[in-house]
Structures are given as structure tokens and as C-alpha cells.
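Asker: next come a sequence and a model predicted from it.
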Amino acid sequence: MGNDISNLLSKFGATVDGYLEIEAAIDYKEPARKPKAPKLMVEAAQPAAQVAAVAAVADAAVPAASGILPPPVVAKSVSPLQRIEPVMDPVVTSVVAPVESPLPSTPLPAPAASVLDEAFPAAPVAPAQPAAPLVEVAAPPAAAIPLVPQPPVSRVKPLVSTTAAAVMPTVVADAAVPSVLRSLLGEVTQQRQSRQAAGQSDTPPSAPALLPSTPAQVIAIVSPKGGVGKTTLCSALACTLARHGRVVAIDLDPQDALQYHLGVSAATAPAAVPAADVAPDWRAAWRDGSAGTRVVTHAVLAREGEAALARQMAQDPQWLMRQLQAMQLQPGDVVLLDLPAGQTAYLDQALQAADQVVAVVTPDAGSFLALEHMRQALHGRNNCRYIVNKYDGSRTFCQDMLEVLKRWMGPRLAGVIGLDHAISEGLAYGFNPLIKAGHSPAYEQLQSISEQLHAEVAKSAHVGGRAS
């Protein structure tokens, strides 16, 4: 072997003598290797039980109050496989309510005897919890485990009934008062305080003002188009109904022609004329008409002009009803409203005030088409009736149109008045043939319609409400 070393050193230009000199000069030692701790397979629950046993023996041997530690105990020499790493239980100071395990506890088999079992007698151990999974731990060197008595370890004990008062919340003294009532009272108090902070009054809001009304029965005479004889029939119905009581005819049509049909002359002055700066009093301004009727002309309504009247109706939807209320009419009185043709602002005001609505049409295509536009306003009302005027039975087309209107109106058709040229010609001579019998065959037909309207007026006056 020496030759091999010499040959190896000669390749690098060195000799064996030089190597020996270096070896003699350097005291080279191999570092001592620590023995590797063997691995031990133990159950996690066993060290705690064994330590508990050790602590129990220590508690019995050394009183807690003496403060004197026992002499150290020298452990016997044991093999690495028998060493157990001590595990200290955590110290629990707070009282914790016991939790009932859903699984039944199964006691573990007794552990095998060890050196600790020989050094300390066995102490009673509480039943262990379900077995924990096996874990692989590395045992420390033997010198790292001092076998000296440890101070007593605080253990978690079962919670007894005497500690329940410390855990349970304090019982509210006013538990008899419903919590819902307290919440509602709190909300009301906060709202009242908010109103007080905003300067509002705690008094309840006043009841809404009552809508204007009149005890008289209001009948609105309307038409879908002009030229159907609406004003003529309105004047005839006013004279017929005047036999049963007072009738006031109010002309809402800007043509202001109703006064002529009722025989009001221009020379007839109203009972009182209001000043220009005073609102018109319709009762004081009405005029006497035929058959004892009272007439309020359109000139009284639109004294300040049509534009001003339109603004009043737009600003006050109850404008017409307020005027009727101011007239101070009595139960049993009848008010006839002669409206302009078509859908106008007067129609909206009149439909709100009317107890009954009478729509006048003629048996022609123009009336039917115009009536379609007023279907929503008229046909959906229970107090609306229709009169077919100027019916000419000698014409086949009029017969067909009457059948169409009958199907369209159904039971709402109040009557049919035949064509009589004397009715339109009577206006030229200041005479209305529909007022007296014997002057027109349409007189009897008009009387039948008038009786239907009067029956509804009497019915409504009896029950004290509007006709339906």
C-alpha cells in the first residue's frame, strides 16, 4: 500500500515524507456522530393518560401547600424503544359547558407495562375518548427527558349544576311584557320625536274636505256630433219634467241656443245682475222659460270669456259641481245640462256631476262613428241612456241603422223619436210642438222617455242618492 501512495504522490510532484510531515503537524480527528433517535409508533391518547397518572401520584406524594419538592427520581436505564415523550395537557381556566359526544365512548385497552408503571403505582384513570389516529413521532435523545416531578396540572372537570348560574344569562325582569309591543312603542316614540324636532304638530291630520254636492237631480244631455236635435230635445224634456217640479235648464253650449227653444226673449232681464268683480250667482241670474222652467244662459257662465272659463275648469275639476251647490237647490229639483257636441272639457265636468246621462244620436253613419269615440266615456256608465232622433221609417237605410244601434245600445236605448219637420220649423215661429199634445206625432214618444227619467228622479229622491 505504501508503494501505491508513493506512486500517487509522485504524479503530483510530492513524496511520502512530505505527507507524513503534514499528518504529523495536523491533529485531525473525525467528529463524533450522535446516535439517531429511533422512531416510535405510539397512540396520541396514551402519553396524556400516563402523564395524568404521574401527576396524580405527585399530587398524593407532595401536598400543594407545603412547597417542598421531593428528591429527584433517577430513571432506570431503558431501551430507546421504551421511551415516551411526555405531553403536557393545556391548562384550562375558564368554565366550559360539557359537550355531549354524538358517538358512544369506548374504553381503550390498557397500555402495556412500562418502566413508569414500575416506578409509580397505577392510579384510576377516567374512561378515554375514542381512539385517536396513530401518529409518527420522533423520540428525543434519552438525555433530553428529565424525569423530575412536575407541578400539578389543572384538569378540566365536568360542569356541575352549581356553575349553571354563572353561565346562563340574567333573566329579564319584565319578561311578561311582549317584545313586539316594546318594539312598536319604540317606533311610535321615535316618530313622535322626529315630528317634534321638525316642528310638526302631534295632532292627527284633519279629515279631507267633502266634495261639493247638490240635493237636486242632475241630467246631462249630450251628443257625439252636432245637428242631431240635442238642444230641441233638451228644451222639450225640460218642459215635460216641469210638470212634476222645478226644472232649471243650464246652457253649457257656447252657441247659447237653449234660451230660444225655451222662449226666453232678449228683453227679459234676469232677477239680479252681479257686478263685474263678483262671481256670478247662477240662481240670481236665471231667467223664466216656457212651462215654468228656469234658464241659465251660457252668457252668464262665460261672462269673462270662453278662455277664462276653460282655465277655471282646468284648474278646478269640481267647478261645475261647486256652482250647482251654490244655487241652493232642493230635493226634487231637476237640473238639465245642455252640453256642446263631442268630447270637451264641459263633458268631463258634467259626467262627474250628473245623476243621469242622455245621449242623442241620429240613425246615420256619422253619428255611429262619432259615438264610437265616446264609447269609453258613455257606454261604460250605468246611468247612461240613448235616444235615436229623426228616425225616417220610409227609408231602408234608416231601418238598417236603427237595427245596428239597437244591437249596439241594447237595453240602454230609451226610445226612438220619428222625423217631424214641424219640430225644426217651430223654432222660426217661437213654438215647440213637443210641449203640447196634438202638434206632433213625436210628442207621445217624448212623453215615454220623460216618464222614464222622472221615475229615476223619484227613485233617487226617495233613497237620497244618485240614480244608477
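Answerer: Right, received. Where do you want to start?

Asker: wouldn't residue 322 be in contact with residue 213 here?
Answerer: No. In this structure, residue 322 is not within contact of residue 213 by Cβ atoms under 8 Å, at 9.9 Å. Quick note: C-beta positions are derived from backbone N, CA and C, even for glycine.

Asker: please identify which of these two sits among more neighbours.
Answerer: It is residue 322, of residue 322 and residue 213, that has more neighbours when counted by other Cβ atoms under 10 Å, with 16 against 13.

Asker: where's that one relative to residue 379, distance?
Answerer: Going from residue 322 to residue 379 by Cβ to Cβ, to the nearest Å gives 28 Å.

Asker: likewise residue 287?
Answerer: Counting by Cβ to Cβ, the gap from residue 287 to residue 379 is 35 Å.

Asker: neighbour-wise, which of the two wins?
Answerer: residue 287 (20 against 16).

Asker: test my guess that the more buried one contacts residue 264.
Answerer: Yes. Residue 287 is within contact range of residue 264, at 4.9 Å (criterion: Cβ under 8 Å).

Asker: those strands in this structure, which residues are they?
Answerer: Ranges of strands within the chain are 39-42, 135-138, 217-222, 247-251, 287-288, 294-296, 334-338, 356-361, 384-391, 413-418, based on DSSP state E.

Asker: pLDDT weak spots in the stretch 201-350 of the chain?
Answerer: Residue ranges of the stretch 201-350 of the chain with pLDDT under 70: 201-209, 266-280.

Asker: buried residues of stretch 369-389, list them for me.
Answerer: Residues 370-371, 374, 377-379, 381, 383-389 are the ones in stretch 369-389 that count as buried (16 or more other Cβ atoms under 10 Å).

Asker: give me the contacts around that stretch.
Answerer: Stretch 369-389 is contacted from outside by 222, 224-225, 228-229, 233, 342-343, 347, 351, 354-363, 402, 405, 408-409, 412-417, 449, 452, 456, 466-468, using Cβ atoms under 8 Å, 6 or more residues apart in numbering.

Asker: return a PyMOL selection command for the buried portion of those.
Answerer: Remark: buried members of the contacts of stretch 369-389, expressed as a PyMOL selection using 16+ other Cβ under 10 Å:
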select buried, resi 222+224+225+228+229+233+343+347+351+354+355+356+357+358+359+360+361+362+363+402+405+408+409+413+414+415+416+417+449+456+467
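
Asker: how close does residue 227 get to residue 337?
Answerer: Relative to residue 337, residue 227 is positioned 19 Å away (Cβ to Cβ).

Asker: pick out whichever of these two has more residues nearby.
Answerer: Between residue 227 and residue 337, counting by other Cβ under 10 Å, residue 337 is the more crowded of the two (28 against 12).

Asker: now the more buried one: closest residue in space, sequence neighbours ignored.
Answerer: Distance criterion Cβ to Cβ, 6 or more residues apart in numbering; nearest residue to residue 337, sequence neighbours excluded, is residue 220 at 4.5 Å.

Asker: can you pull up the bridge partners for that neighbour?
Answerer: Note on residue 220: beta-bridge partners by DSSP bridges are residue 337, residue 357.

Asker: make residue 1 into 40 and carry on from there
Answerer: Let's use 40 as the start, then, which means that last one is residue 259.

Asker: for residue 401, which residues are in contact?
Answerer: 266-268, 427-430.

Asker: any idea how far it lies from residue 256?
Answerer: 27 Å.

Asker: can you check residue 226 too?
Answerer: Going from residue 226 to residue 256 by Cβ to Cβ gives 50 Å.

Asker: state the mean pLDDT of stretch 411-427.
Answerer: For stretch 411-427, the mean per-residue pLDDT is 85.

Asker: mind checking the end-to-end distance for that stretch?
Answerer: With Cα to Cα, to the nearest Å as the measure, stretch 411-427 spans 15 Å from end to end.

Asker: nearest to residue 436 among the buried residues of stretch 408-428?
Answerer: Checking these against residue 436 by Cβ to Cβ gives residue 427 as the nearest, at 13.7 Å.

Asker: quick one, what contacts the residue nearest to that closest one when sequence neighbours are not counted?
Answerer: Nearest residue to residue 427, sequence neighbours excluded (Cβ to Cβ, 6+ apart): residue 455, at 4.6 Å. Shown in contact with residue 455 (Cβ under 8 Å, 6+ apart): 426-427, 430, 441, 484.

Asker: farthest-apart pair in the residues you listed, please.
Answerer: Pairwise distances across the contacts of residue 455 (Cβ to Cβ) peak at 13.4 Å, for the pair 441 and 484.

Asker: the nearest residue in space to residue 290 that is not next to it in sequence: what's it in contact with?
Answerer: Distance criterion Cβ to Cβ, 6+ apart; nearest residue to residue 290, sequence neighbours excluded, is residue 297 at 4.0 Å. Residue 297 is in contact with 270, 273-274, 288, 290, 334, 336-337, 377, counting by Cβ under 8 Å, 6+ apart.

Asker: now these in JSON lines, with distance to residue 436 and neighbour count?
Answerer: Below are those laid out as JSON lines (distance: Cβ to Cβ, whole Å; neighbours: other Cβ atoms under 10 Å):
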{"residue": "270", "distance to residue 436": "25", "neighbour count": "27"}
{"residue": "273", "distance to residue 436": "27", "neighbour count": "27"}
{"residue": "274", "distance to residue 436": "29", "neighbour count": "30"}
{"residue": "288", "distance to residue 436": "34", "neighbour count": "33"}
{"residue": "290", "distance to residue 436": "33", "neighbour count": "27"}
{"residue": "334", "distance to residue 436": "37", "neighbour count": "28"}
{"residue": "336", "distance to residue 436": "38", "neighbour count": "20"}
{"residue": "337", "distance to residue 436": "35", "neighbour count": "21"}
{"residue": "377", "distance to residue 436": "29", "neighbour count": "28"}
